[in-house]
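[1] 3D, please:
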Amino acid sequence: MNSYEDTLALLRGTTEHLDAGAPDIDVDLIVREGYRARRRRSAALGGAVAAGVAAVAAVLALSLAGLPVEDRVPAGGVDDPETAGYPFEPDEEFGTDEERAQLDDAAATAFGTLLAEAGLTAAGEEPEFGFGSVQTPGNYGQTWLRSFVSQILPEGGQAPEDTVLRIEALLPGGWTPEPGPATEQVFPQHLISASGAPWYDGADWTDELTTTELEDGRTLYAVDHECAYEAAVAYPNGTGLRVVWDMGCHGPEPEYAIAMEDFTAAVEAMPEFDFDTTGLAPVGDLVEVPAGWTHDPEWEDAAEPDALSTMEAAGTALSGVHPDGVLGAATAVQLGETGYGAVVTRAYTAAGQYPGADGDVGFDLTYYLPGGWIPGVADLVERGPFPVVCREGFTCTQATDDDGTLWVFAEGPAGVNWLEVVRFDPDGWAVGAFTQADAPVGADELGDLLRSMPAPVYDADAVPAIPAD
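    Predicted coordinates for the structure are as follows:
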């Protein structure tokens, strides 16, 4: 059995072009190593299920559930946690060791027998879950949802689709227990899809969702996908739970077959937790943002011809400004998470070079296509619905032309020749250039280059669709 000690490495997928992190940005490298990674929300268990799971549920409900329902107060003192959220945490560190330990113990008790029967743990071996903190954008980054997530893979498993058990414990804030479209395009977000939509890329089923009101005030949602089971629990104190059990949907036949009732019994065994909700606050007035795209595993290949045409025209424009300038191969990418329902920014990227006054200047060129963002640069801490983020140590400014074109200038720390310039066109697209040259490069120099760049080639009639349920 493999458990991801750094769960985020698998869950986050990719980050935005100017996101916080190491300043040495190489778009081509990022594309190869990150953007094509798939974060599928899948999990699996297998084998025959031993008796006793239902009994475990009763014991855990009594020992870990916390205060009686009638004595609880609204989550975090917020009257309506569904329309509340958390500030962005740059280090993605929230929650306490005690909370993670309680989750680990509860998951091991609830699912340990199933893992052993499936052959995913040795007899007597305690499963290691290692829950990690995960935050996801609400309303395109205007607020943030928080949860603890654990994924377990079989021995030798490395790819997202190898995940055998995925458990997500949701803190109150930014989501509703009402079933609905499983997408980050809506706010508040839904705990589970009303139509039984799949949780990972490439699946095309919709199955009937069942809802069960439990006697202790919990609501259990479950859906049978035949090759996988999915369930969610809404707890009286505003917390939630999502669990997925994949019996081999990516393989030729089910590998970890179990009964649906055994799966739901294990899910019911997970108790209610009283998480620390420090920072939870009503979202207030939200900025209107054009509907964003969700991750589409087929889009990158389909958009490749448009990306090539765009960068070919951009290369011609580059030659007009710098006759000896060159632009490399184009790639269509989706910036953001790579899971079912995750909102992404569609973009084209290429690496280029031109001779400068003090030597060759290498740069990364990125076109941002419309959908899911508004012009501007996000603060590192506050974030927001912007396609670029002001990195730590950078000085970021904005300027607007008479025709409505917005410019963002992000200069690196003193003594470091890092510079990012982004041009937001009034027609809804943007183009940016980032350089980390050996010698200083002026903002006007990159600005002149970006002024020459043509509009990207894309299907302007295509608009993001939000699922009905």
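
[2] for A347, name its beta-bridge partners.
    Y368 (DSSP bridges).

[3] same check, this time on the one 4 residues further on
    Partner residues in beta bridges with A351: D364, with DSSP bridges as the criterion.

[4] low-confidence regions, the stretch 51-200 of the chain specifically.
    51-76, 197-200 (pLDDT under 70).

[5] please repeat the previous calculation with a cut-off of 50.
    Along the stretch 51-200 of the chain, segments meeting pLDDT under 50 span 51-74.

[6] now the helices for it?
    Applying DSSP state H, counting those that start in this stretch to the stretch 51-200 of the chain gives helices spanning 53-64, 97-117.

[7] which parts of the longest one are buried?
    Using 16 or more other CB atoms under 10 Å as the burial criterion, the residues of helix 97-117 that qualify are 99-100, 102-104, 106-117. For glycine as for every other residue, the C-beta is placed from the backbone atoms N, C-alpha and C.

[8] for it, which helices and strands make contact with it?
    helix 53-64, strand 143-153, strand 165-170, helix 260-268 (3 or more CB pairs under 8 Å, 6 or more residues apart in numbering; DSSP states H and E).

[9] tell me which other helices or strands the second one touches.
    Spelled out, that is strand 143-153. strand 2-3, helix 7-11, strand 84-85, helix 97-117, strand 132-138, strand 165-170.

[10] out of those, nearest to L446?
    Judged by CB to CB, the one of the helices and strands packed on strand 143-153 that comes nearest to L446 is strand 132-138, at 28.4 Å.

[11] give me the number of neighbouring residues for E226.
    Counted with other CB atoms under 10 Å, residues neighbouring E226 total 11.

[12] in three-state terms, label it for me.
    Assigned with DSSP: H, G, I helix; E, B strand; the rest coil, E226 falls in the coil class.

[13] just the pLDDT for it.
    At E226, the model reports a pLDDT of 84.

[14] tell me the spacing between it and A159.
    22 Å (CB to CB, to the nearest Å).

[15] W429 too?
    From W429 to A159 the distance is 33 Å (CB to CB).

[16] who has more neighbours out of these two?
    W429 (19 against 12).

[17] so who does that one touch?
    367-370, 455-456, 458 (CB atoms under 8 Å, 6 or more residues apart in numbering).

[18] what do you get for Q142?
    85, 283, 286-287, 289, 383-385.

[19] what subset of those residues is buried?
    Counted by 16+ other CB under 10 Å, the contacts of Q142 give 85, 283, 289, 383-385 as buried.

[20] now the element after the host helix or strand of T397, going C-ward?
    Per DSSP states H and E, T397 falls inside strand 395-400. Downstream of strand 395-400, the next assigned helix or strand under DSSP H and E is strand 406-411.

[21] and for the residue sitting furthest away from the middle of the chain, nearest residue in space, chain neighbours not counted?
    What lies farthest from the middle of the chain is A357; by CA atoms, centre = their mean that is 41.4 Å. Counting by CB to CB, 6 or more residues apart in numbering, A439 is the residue found nearest to A357 once chain neighbours are left out, at 7.6 Å.

[22] quick check: the gap between the one you found and A410.
    Distance from A439 to A410, by CB to CB: 18 Å.

[23] between the two, which has more neighbouring residues?
    A410 (22 against 11).

[24] in space, what's closest to that one - neighbours in sequence excluded?
    Spatially, and ignoring its direct neighbours in sequence, A410 is nearest to E420 (4.0 Å; CB to CB, 6+ apart).

[25] which strand or helix spans the one you found?
    Secondary structure assignment for E420, by DSSP H and E: strand 418-424.

[26] what's in contact with that strand?
    18, 23, 368, 375-377, 387-388, 394, 405-412, 430-437, 441, 443, 446-447, 450-451, 453.

[27] farthest-separated two in the buried ones among the contacts of Q142?
    Using CB to CB, the buried ones among the contacts of Q142 span at most 14.8 Å, a distance reached by G85 and V289.
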